[in-house]
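Peer 1: quick one, what's the 3D model for this:
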Amino acid sequence: MLDPVFIISLLILGVASGLLAGLLGIGGGMLLVPFLTFLMVGQGVPVENVVHSSIATSLAIILFTSISSMRAHHKAGAVRWDIVKFLTPGILLGGFIGSKIVSYLPTRELALVFGVFVLFSAYQMFADKKPKPTRTLPKAAGLTGVGTVIGTVSSIVGAGGGFISVPFMVWSNVPLRIAVATSAALGFPIALFASIGYVINGLHLEGMPTGSLGYVYLPAVLCVAIMSVFFAPKGAKLAHTLPVKKIKRIFAILLTLIALSMIYKAATGF
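Peer 2: Here you go, the predicted structure:
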C-alpha cells in the first residue's frame with residue numbers, strides 16, 4: 001500500500017516536471033531524479049540502488065512527458081525534424097551505453113556525477129553566451145556523434161537531454177524557441193532506449209519493492225506521468241509566449257539548489 005503523502009508528492013512533482021519539460025525542453029529529469037531519490041528511500045528501495053532506480057524511473061516518466069510536449073511544440077511548427085533525424089541514431093546508441101555504465105557505478109559516486117552535471121546545466125543557463133554568427137550545425141555524421149554523447153550522458157543522469165541539446169543547438173545558431181521544441185522531440189528516443197537498458201540491466205536485482213521492473217519503479221511512473229502529460233502542453237504554450245531567457249535563469253537557480261542538495265546527500269549518506 002503506497003503512502004498517501006508519497007502519492008501526493010509524486011502528483012505535485014508531475015505538475016512541476018510537466019511544465020518545465022514543455023517550457024524548457026529538458027524532459028524534467030533534472031527535477032525528477034533528486035526528488036525521486038529522496039522520496040523512494042522511504043518506499044523500500046535499497047539505498048545502494050536508490051539513485052539508479054530514480055534515474056531509471058525518471059527516464060520512464062519522460063517517455064510519456066516527451067510525447068505530450070513534442071505534440072504541442074509540433075503543432076506550433078517549432079520542431080526541426082531534420083535535426084531530430086540525424087541526432088536520433090547516436091542517441092539510441094548512447095542510451096544503451098549510458099544505462100550499462102550506470103549499472104557499475106556506486107550510489108554515492110552516481111549522485112555526485114548527477115550533481116556535477118546539474119551544476120553544469122545551471123551554468124549554461126546563467127552564462128547565456130552568444131555564438132559566432134557564422135557557426136552552424138555540423139553535417140549528418142557530426143550530428144550523429146553529438147547524439148551519441150547526448151544519449152550517453154542523458155542516460156547516466158536520467159534526463160531528456162535538453163541540458164545538453166538546447167545549449168548545443170543555440171551555440172550552433174538555432175533560435176532558442178526552436179532549440180527548446182526540438183529538444184522536446186529528442187526526449188522520446190533518449191528515454192525509450194535508456195529505459196529499456198535500465199529494465200534489462202536491473203532484472204537481476206534483489207530486494208526491490210513490489211511494482212519494480214528492473215530499476216524502474218512503476219507506481220512512481222504512473223503517479224508522475226498522469227500529471228506531467230497533462231501539464232507539458234501548457235508548458236509548451238508558455239514557451240511560445242513568455243520571455244524564456246529570464247525563466248531559464250530562474251530555473252538555473254533551482255537547478256543549482258537541487259545540485260548542491262544532491263551533492264550534500266551523496267557526501268553525508270542517504
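
Peer 1: low pLDDT regions in the stretch 101-250 of the chain?
Peer 2: Along the stretch 101-250 of the chain, segments meeting pLDDT under 70 span 107, 125, 128-134, 158-160, 244, 247-248.

Peer 1: ranges for the helices of it?
Peer 2: Taking DSSP state H, counting those that start in this stretch, the helices of the stretch 101-250 of the chain run over residues 107-127, 140-157, 162-171, 176-201, 218-239, 244-268.

Peer 1: pipe those into JSON lines and attach distance to Gln43 and mean neighbour count per row.
Peer 2: Placement of C-beta: from N, CA and C, glycine included. Shown next, in JSON lines, are the helices of the stretch 101-250 of the chain (distance: least, Cβ to Cβ, whole Å; neighbours: other Cβ atoms under 10 Å):
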{"stretch": "helix 107-127", "distance to Gln43": "16", "mean neighbour count": "20"}
{"stretch": "helix 140-157", "distance to Gln43": "21", "mean neighbour count": "22"}
{"stretch": "helix 162-171", "distance to Gln43": "27", "mean neighbour count": "24"}
{"stretch": "helix 176-201", "distance to Gln43": "17", "mean neighbour count": "25"}
{"stretch": "helix 218-239", "distance to Gln43": "8", "mean neighbour count": "22"}
{"stretch": "helix 244-268", "distance to Gln43": "17", "mean neighbour count": "16"}
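
Peer 1: mind putting these into TSV with distance to Ile91?
Peer 2: Below are those laid out as TSV (distance: least, Cβ to Cβ, whole Å):
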stretch	distance to Ile91
helix 107-127	17
helix 140-157	4
helix 162-171	9
helix 176-201	5
helix 218-239	19
helix 244-268	22
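
Peer 1: and of the ones you listed, who's closest to Arg80?
Peer 2: Within the helices of the stretch 101-250 of the chain, the stretch nearest Arg80 is helix 176-201; the backing value is 4.6 Å (Cβ to Cβ).

Peer 1: and that closest one, how far from the chain's centre?
Peer 2: 8 Å (Cα atoms, centre = their mean, to the nearest Å).

Peer 1: repeat that for stretch 104-121.
Peer 2: 13 Å.

Peer 1: kindly report the same for stretch 46-62.
Peer 2: Worked out by Cα atoms, centre = their mean, stretch 46-62 lies 12 Å from the chain centre.

Peer 1: what of stretch 168-185?
Peer 2: 16 Å.

Peer 1: pull the CA atoms of that stretch into PDB?
Peer 2: What follows is stretch 168-185, C-alpha atoms only, in PDB (Å, rounded to 0.1, in the frame of the first residue of the first chain):
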ATOM      1  CA  PHE A 168      24.400  22.900 -28.300                       C
ATOM      2  CA  MET A 169      21.700  24.000 -30.800                       C
ATOM      3  CA  VAL A 170      21.700  27.600 -29.500                       C
ATOM      4  CA  TRP A 171      25.600  27.500 -29.800                       C
ATOM      5  CA  SER A 172      25.000  26.500 -33.400                       C
ATOM      6  CA  ASN A 173      22.700  29.500 -34.000                       C
ATOM      7  CA  VAL A 174      19.500  27.600 -33.900                       C
ATOM      8  CA  PRO A 175      16.900  30.000 -32.400                       C
ATOM      9  CA  LEU A 176      16.200  29.400 -28.700                       C
ATOM     10  CA  ARG A 177      12.500  28.500 -29.100                       C
ATOM     11  CA  ILE A 178      13.200  26.100 -32.000                       C
ATOM     12  CA  ALA A 179      16.000  24.500 -29.900                       C
ATOM     13  CA  VAL A 180      13.600  24.000 -27.000                       C
ATOM     14  CA  ALA A 181      10.900  22.500 -29.200                       C
ATOM     15  CA  THR A 182      13.400  20.200 -31.000                       C
ATOM     16  CA  SER A 183      14.900  19.100 -27.700                       C
ATOM     17  CA  ALA A 184      11.400  18.100 -26.500                       C
ATOM     18  CA  ALA A 185      11.200  15.800 -29.600                       C
END
